[in-house]
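Asks: pasting the structure only:
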Ligand code: HEM
């Protein structure tokens, strides 16, 4: 964890933007255990999925954990590996494959604030304790 050039270890914006590995660890943690386990939707048309026919109007529970551990997108999904989220734009994952904050029009509007709070918490936790 870096400190300012003047030796002050308090957190500034420049630190938040540099905490890429900490965010990769956070993402991998959320991939393993999504803070929100899933959410409900209503089918707006009949459709088929995995051999099941889902009729229009049916309530559907969308389980984030199942998507976040799909081995097609995250090989060896039970392994804790923050490097999955390193690199350009936090790793290359297809759209809607990593969804701790949901996706699409109802995606979490607080996600950037949540990121700031999580990184500030980890910074203070590691530096002070
Ligand atoms: C780690 C922290 C957080 C996680 C994992 C999280 C996760 C989510 C998820 C998965 C959804 C989508 C629900 C859906 O599709 O039905 C959502 C929606 C939402 N979140 Fe968060 N959230 C977090 C923090 C926050 C914070 C800090 C705020 C506000 C300051 C916030 C405000 C909202 C709002 C307003 C929505 C509804 C968006 C909409 O329906 O258009 N969230 N969140």
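Replies: Ah, there it is. Since we're looking at a predicted model, the values are computed, not measured. Numbers count the residues shown, from 1 in each chain.

Asks: Against residue 86, how distant is residue 118?
Replies: Distance of residue 118 to residue 86, computed by CB to CB, to the nearest Å: 17 Å. Every residue, glycine included, has its C-beta placed from N, CA and C.

Asks: go on, residue 80?
Replies: 14 Å.

Asks: Looking at those two, which one has more neighbours?
Replies: More crowded of residue 80 and residue 86, by other CB atoms under 10 Å: residue 86, with 16 against 10.

Asks: and the residue of the chain nearest the ligand?
Replies: Closest contact between the chain and the ligand, by CB to the nearest ligand atom, is at residue 110 (2.0 Å).

Asks: tell me what the helix or strand bottoming out on mean pLDDT in the chain is packed against?
Replies: Among the helical and strand segments of the chain, the one scoring lowest on mean pLDDT, DSSP states H and E is helix 13-18, with a mean of 88. With contacts taken as 3 or more CB pairs under 8 Å, 6 or more residues apart in numbering; DSSP states H and E, helix 13-18 sits against helix 111-128.

Asks: could you give the mean pLDDT of the helix it packs on?
Replies: Averaged over helix 111-128, pLDDT sits at 93.
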